[in-house]
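A.B. asks: Sequence and computational prediction follow.
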Amino acid sequence: MRENREILGHIDHTLLKAAADWKEIRKLCEEAILYETASVCIPPCYVERVHKCYGDRLNICTVIGFPLGYNTREAKVFEAKDAISKGAGEVDMVINIADLKNGDTGKVTEEIRAVKEAVGDVVLKVIIETCYLSEQEKIAMCRAVTHAGADYIKTSTGFGTKGAAIEDIRLFKKYIGENVKIKAAGGIRTREDLEAFLSEGCSRIGTSSAVKLLTEPTD
């Protein structure tokens, strides 16, 4: 069994609900600092404020093209640049699932590449929303993420019909390039889940539950 601190070091402490208020975001950030999570993952509208309040004490991740992914490439590139200019240190983008479903994996690859070029050395995680994809589409996205030069492949937004699944992590490991890491997100709510996804090779886990699970006493 892993130490709590080790697990927390892999967590993107996340709050992306539409009605998240500043009090909730501030609590999230203070928990992330206290427990040394890998990052906070927050809505783009809070990035600048969080950066001003917490500065270098916090790694700020935000989302682009979220949660449906059907924004244009140009809009996603703008979102990414804007987020970085306001203090984001990582960005999680949603692919254009419609392009994938239309069989245009090349267009999806080019979109990912364009966003990666826009963010440069900033970490780019690519959300492929596995719940909507066939196995062959998942394999195609492993290759697209690799060829486009992104840093991570990520399972889910948490807003789809299903979240992360162990079998998808195993599939990713077979088909991603050696420089691509894996992030699991969506529906990960128990310590057993956290341990399982880390054991399968995930470098990051996106969840709103980990800090509470690992730091609050149980009855």
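C.D. replies: It's in.
A.B. asks: dump the residue contacts of residue 197.
C.D. replies: 164, 166, 169, 184, 188, 205 (C-beta atoms under 8 Å, 6 or more residues apart in numbering). The C-beta positions use only the backbone N, C-alpha and C, and glycine is treated the same way.
A.B. asks: Tell me the secondary structure of the fourth one, please.
C.D. replies: If I follow you right, that is residue 184. At residue 184 the chain is in strand, as set by DSSP: H, G, I helix; E, B strand; the rest coil.
A.B. asks: if we can go back for a sec, make CSV out of the contacts of residue 197 and add secondary structure and distance to residue 18.
C.D. replies: Shown next, in CSV, are the contacts of residue 197 (DSSP: H, G, I helix; E, B strand; the rest coil; distance: C-beta to C-beta, whole Å):
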residue, secondary structure, distance to residue 18
164, coil, 21
166, helix, 29
169, helix, 28
184, strand, 23
188, coil, 21
205, strand, 22
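A.B. asks: Could you pick out the buried ones from those residues?
C.D. replies: Buried subset of these (neighbour count, 16 or more other C-beta atoms under 10 Å): 164, 169, 184, 188, 205.
A.B. asks: The residue with the shortest distance to the centre of the chain: which element?
C.D. replies: Nearest to the mean C-alpha position of the chain, by C-alpha atoms, centre = their mean, lies residue 92 at 4.7 Å. Counting by DSSP states H and E, the secondary-structure element that holds residue 92 is strand 90-94.
A.B. asks: How about exporting that strand as PDB, limited to the C-alpha atoms?
C.D. replies: Coordinates of each C-alpha in strand 90-94 appear next as PDB, following Å, rounded to 0.1, in the frame of the first residue of the first chain:
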ATOM      1  CA  GLU A  90      -0.700  22.800 -17.500                       C
ATOM      2  CA  VAL A  91      -3.700  22.500 -19.800                       C
ATOM      3  CA  ASP A  92      -6.100  19.600 -20.400                       C
ATOM      4  CA  MET A  93      -7.700  19.800 -23.900                       C
ATOM      5  CA  VAL A  94     -10.700  17.800 -25.200                       C
END
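A.B. asks: May I have the strands that pair with that strand, each with its orientation?
C.D. replies: Counting by DSSP bridges, the strands paired with strand 90-94 are strand 60-64 (parallel), strand 123-127 (parallel).
A.B. asks: Mind putting the ones you listed into CSV with distance to residue 15?
C.D. replies: CSV is the format used below for the strands paired with strand 90-94 (distance: least, C-beta to C-beta, whole Å):
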stretch, distance to residue 15
strand 60-64, 11
strand 123-127, 16
